[in-house]
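# Quick one: sequence plus predicted model below, questions after.
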Amino acid sequence: MTKRKAAYIPPSERARPDDAPGLVAYEYAIRCRSLTFADDVIGVGLKFPENDATGERRINFATTYLPPNRLHPAVTLLKDRPDLARVVVAVIDTYMLRQQNTKSTAQTAVSLGRTIIRALEYFWLNDIYHLKWVTSAHWEDLLDKFVKGGWYLALDLERRASVIDLRTLPLSRRKKKQGVIEYSCDSLIAAMGANMGPGQVRLEYRRGDVYGQLHKARAENAPGVSSIAALVSSLNNLVELPKDMRAQCVAHQSPTAFAESSVTSAKNRTENFDPAQLSSLVCEAYRWVSIYSEPIIQLVGQVYSDLTAYEQEEIDESRIIRLLEAPEAKALEQLLGVRVLTVARLGDWQRGMGLLGLVRTLLAACFVLLGVFNGRRKDEIASRSTGLYSDGFECIDEGLGLYQSYFYCEKTVHDYRQFYINEISFKALKVAKAISDIAWSEVSRNGGAQQTDRMRKVFCMPPRGREDTPTWYDYSMDPGVELLCQRAMGSGSSIAPNAHMFRRAYAVVFHYRYENADLYALSQQLAHFDLGMTLHYVLEGPSRALAHHAAKLWGDGGEAKKARAVQAAELASEVREFGRVKLHDDVLEILQGGTAVAGGFPRLIQRFTRKMLGRISYDDADLKLAAKKVSSVLIDRGHTVIPFRHGNCNAGGPKPGARCFREGQLARELASPIVCGPCPYHQMKATHQRAVEDDLDRQRAHLLQRPDSLQTLAERTALVATEKLVAFYRRKTQPEAALSQGCE
């Protein structure tokens, strides 16, 4: 069942109150209360602003450009064209009024605004100065170029860069690659009037030459399905603006259909590991958390302990001296087989490591173990807003090896939920917390604010200098995982694991271990709302070495799958036939005067029989005929019997009158005595109640002879649930029993 991801907030509550002072940006009145505007900068407020420097995501129109064209030979700042700048503001404002506020809404809104800015840049290059002039042919031309080469091709960046004299620009050197020096692109992008981030393009240039070569930062030639669909969806927002600025037609009616029809290459959203690579990486991460972590933490604590006033004057040199004189450094060098030379540099495994490199590698090891053994997403582990926090994990029973931790469920409940974790995950959390405690102590000495509760995150590092905020750990940007992979598989290692690969690895390994009997357990651990989402993680078999076993079980072809299909079909046929017989017997029992402990199904059958057959004589022959007719009609309407511990559900398919009906489906995972008791399709008979009471006696007798263990703890939890169920129905039947005794 698909559930709403967050509590619904009507647009009227997201808009600014009538008595609040209004914000106006380029003659457009901003309506959303989450937006700010000042000095040509629009800001979108974050849902979790506590550990962010500004508390919002921003677009600065003073550093946003429109390129030279035939009518405007010089670069134009977007703020100098308020008629176009307000289009961007209006799109962001309209989007924010429609969307629920999640942790990523602000970033998505800003990304939407930057997409619209690039679209305006494209139209400006083609001498289109108002959206009302954009036709379907213009949209088709833009999308065709984007599909072939992304914004790099659509905005004609290579040609525009080739006419800029680089000798007139201040270039800052970045790195040397195969004899060619790459330079920062900031000044070149401003000179072209382009709106590309410095990480999206790279400039190759030899000092003294007139021109350089601008390349895409990534090697792939064309965007994928998700990128194309996202672009089309963003551009379609332009038809929902006020009449004086809106586009007259959408870019495409169906973004997903267009994207899937445009991409001819095989779709592969996220790769997975080769089993040998995963095992090597996990073993190396084990070593770092179990063996190397303690001396590294001791060394970091020694280097970042409180400095004297004299040491504060030359803070960098003081920390290097502490590092070189610390006995922990010598022990660590002997343990790792590599020299520790500096504090604030990464280093490498051949020439020597820096303390920063060791800390980043250690945090990468913690991240790998938490991802692989818990199936969590990147931001659910390490994020300023929704990551793991200092007080969010605990040891319940060390002897039983029982540990728990809170993880934020990003795509479903939008809140923290507690999960059981294994021992190595608990150790990884303790290691990350020890590093973060040093970081927060250093921040406090530098005058920074201390965070408490959920905002005191564990994936952060001590600042390099006198900063008053810690250095945040971002797996996608951090080089620590590359150092860990080199350590695990040698310096020639070419893998750079995507953070989501760990979640997929967890799903496939879990499925491999328990096979197809526990997909529900896997779905629960991943915090999914339905099995379709879970199967996505284990079905994409042939392209992933780890998924081969799952592909054999679930994939196309193969004798095993045919045998499973035949078995499943036979079982389904038997279940359907049993459901028909059971429903007929239940209807007959109700018409004969049988009573139920709970549920409204008997009343529903009595009413339905009266409407369908009118008055009937209650002799056996007539009742059997009536029961046969009523049950046949019920079966034709999709009703069937689904047994639960607390009674039978007779709804069959989705019925709006069912108590668990949610958004077009039956949420049977919510089934309980409280939910089902008044449901018109629920029926609990005395046999159900007796069976539950017998089960309670059996559980109590069984637990008296069991020693303490993890299984015993689970059985005690089940016993408490059974006791509550029995107590609930005894309370319901006691008033009726007391009434009958009084009549006697």
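That came through fine.
# Phe273 and Pro479, how far apart?
Plainly put, Phe273 is 19 Å away from Pro479 if you go by Cβ to Cβ, to the nearest Å. Bear in mind the C-beta positions are built from the backbone N, C-alpha and C, glycine included.
# ok, those two, which is more surrounded?
The neighbour comparison of Phe273 against Pro479 (other Cβ atoms under 10 Å) goes to Phe273, with 23 against 14.
# how would you label that one: helix, strand or coil?
Recorded secondary structure, Phe273: coil (DSSP: H, G, I helix; E, B strand; the rest coil).
# what separates it from Pro680, distance-wise?
Distance of Phe273 to Pro680, given as Cβ to Cβ: 51 Å.
# cool, Arg202 as well?
Distance, Arg202 to Pro680, using Cβ to Cβ: 66 Å.
# same thing with Tyr408?
Taken as Cβ to Cβ, the span from Tyr408 to Pro680 is 38 Å.
# With neighbour numbers in mind, choose between those two.
The residue with more neighbours, out of Tyr408 and Pro680, is Tyr408; 24 against 19, by other Cβ under 10 Å.
# correct me, but the more buried one touches Asp415?
Yes. Counting by Cβ atoms under 8 Å, Asp415 is a contact partner of Tyr408 at 7.0 Å.
# so where do the helices sit in the stretch 401-550 of the chain?
Under the criterion DSSP state H, counting those that start in this stretch, helices of the stretch 401-550 of the chain are mapped to 423-445, 480-489, 499-514, 519-525, 531-539, 548-554.
# repeat for the stretch 201-350 of the chain
Along the stretch 201-350 of the chain, counting by DSSP H, counting those that start in this stretch, helices occupy 225-236, 255-262, 275-287, 293-303, 309-313, 315-325, 327-336.
# What's the mean pLDDT across the last one?
Averaged across helix 327-336, the pLDDT comes to 85.
# Give me the buried positions along it.
Going by neighbour count (16 or more other Cβ atoms under 10 Å), the buried part of helix 327-336 is Glu328, Ala329, Leu332, Glu333, Leu336.
# Over to the third one?
Along helix 275-287, these residues count as buried under the neighbour rule (16+ other Cβ under 10 Å): Pro275, Gln277, Leu278, Ser280, Leu281, Val282, Glu284, Ala285, Tyr286.
# Check what pLDDT Gly584 gets.
Heads up, residue 584 is His, not Gly. Note on His584: pLDDT of 77.
# Could you find the closest non-adjacent residue to it?
Ser631 (4.1 Å; Cβ to Cβ, 6 or more residues apart in numbering).
# mind checking the SS state of that neighbour?
Going by three-state DSSP, the state assigned to Ser631 is helix.
# Surely it is in contact with Ile590?
No. Taking Cβ under 8 Å as the definition, Ser631 is not a contact partner of Ile590, at 10.5 Å.
# quick one: terminal-to-terminal distance for stretch 65-78?
Using Cα to Cα, to the nearest Å, the span of stretch 65-78 from its first residue to its last is 5 Å.
# quick one: buried residues of that stretch?
Neighbour counts over stretch 65-78 (16+ other Cβ under 10 Å) mark Tyr65, Leu66, Pro67, Pro68, Asn69, Thr76, Leu78 as buried.
# Of these, just say which sits nearest to Gly352.
Distance to Gly352 across the buried residues of stretch 65-78 (Cβ to Cβ) is lowest for Tyr65, with 43.8 Å.
# Which residues are in contact with that closest one?
Val75, Thr76, Leu77, Leu78, Glu121, Ala190, Met192, Gly193, Ala194, Asn195 (Cβ atoms under 8 Å, 6 or more residues apart in numbering).
# before we move on, back to that, Serialize the buried residues of helix 275-287 to TSV and add fields for pLDDT and distance to Arg698.
Formatted as TSV, the buried residues of helix 275-287 follow (pLDDT from 0 to 100; distance: Cβ to Cβ, whole Å):
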residue	pLDDT	distance to Arg698
Pro275	74	43
Gln277	80	48
Leu278	82	43
Ser280	85	48
Leu281	87	46
Val282	88	41
Glu284	90	48
Ala285	91	44
Tyr286	91	42
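# can you give me the helices for the stretch 551-700 of the chain?
Taking DSSP H, counting those that start in this stretch to define them, one finds helices in the stretch 551-700 of the chain at 559-591, 601-613, 620-636, 673-676, 686-703.
# Check the ones you listed for me: which has the lowest mean pLDDT.
Confidence, taken as mean pLDDT, is least for helix 559-591 of those (a mean of 69).
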